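Student: Build me a model:
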Amino acid sequence: MKLSFQIIALLCLFIGSAKAQVTKLPTEVKKGILDTHDPSLMKLVNKVSDIPVSILQVCKKEYSDFMLANPQEQYQATCTVTNPNLPRRRLCWAVSIPGYFILHYELGGISHSTHVFIFSYTPSKPNEATLVWKGVSIPFPSYCEFYEALAGKSLDDTLDYRH
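Tutor: Got it, this is the predicted structure:
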């Protein structure tokens with residue numbers, strides 16, 4: 001069985017992105033995240049309604065069509081739109097750690113993908129959220145897997161993808 005050029009190109013893109021290094025994440029942000037691995041300091045977010053409004057506002061400024069479904073809820077997972085009222089993105093998980101808020105979600109469409117946004121964020125100053133990094137990623141079942149990937153340099157921010 002012969003593989004088409006498109007399939008081979010997609011495989012190369014996927015394999016390359018799985019091994020790519022983080023190049024655009026500011027060093028101090030990476031260090032701040034990696035230095036904060038105390039579970040007592042983390043607040044896991046599993047529902048869109050628990051994401052701070054200022055974080056969602058920044059996402060909406062980045063992408064005007066930014067809407068998230070909750071984990072396990074329906075969303076537009078493929079390029080076939082059966083319900084235009086469904087969001088194109090679905091929350092995987094989010095976590096608040098001192099100084100940062102990390103959002104991991106999946107994006108449906110022709111090429112299903114998963115993404116990570118990192119925000120500078122302090123709960124005592126909720127209106128001062130700032131997007132400091134975004135990247136395409138492999139799916140991370142939990143924050144711990146993301147943390148390990150960040151420490152091991154297996155995230156991709158080398159290409160500008162639509163998030």
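
Student: Okay, now the unreliable bits of the protein?
Tutor: Low-confidence segments of the chain (pLDDT under 70): 1-22, 153-156, 159-163.

Student: Okay, helices next: where are they in it?
Tutor: 5-19, 27-34, 53-62, 143-152 (DSSP state H).

Student: Now do the shortest one and helix 143-152, the angle between them.
Tutor: Same thing as helix 27-34. Helix 27-34 runs at 140 degrees relative to helix 143-152, counting by axes from the mean of the first three to the mean of the last three CA atoms, to 10 degrees.

Student: on contacts alone, who are the packing partners of helix 27-34?
Tutor: strand 100-107, strand 113-120, helix 143-152 (3 or more CB pairs under 8 Å, 6 or more residues apart in numbering; DSSP states H and E). C-beta: built from backbone N, CA, C; applies to glycine.

Student: Which strand residues bridge His115?
Tutor: Going by DSSP bridges, His115 is paired in beta bridges with Tyr105, Val136.

Student: Help me confirm that it comes into contact with Ile138.
Tutor: No: His115 sits out of contact with Ile138 when judged by CB atoms under 8 Å, with a separation of 10.7 Å.

Student: These two: who's more crowded?
Tutor: His115 (18 against 15; other CB atoms under 10 Å).

Student: Dead centre of the chain: give me the residue that sits there.
Tutor: The centre of the chain sits closest to Val116, judged by CA atoms, centre = their mean, with a distance of 1.8 Å.

Student: close enough to count as contact, that one and Ser137?
Tutor: Yes: contact criterion CB under 8 Å: Val116 and Ser137 qualify, at 5.0 Å.
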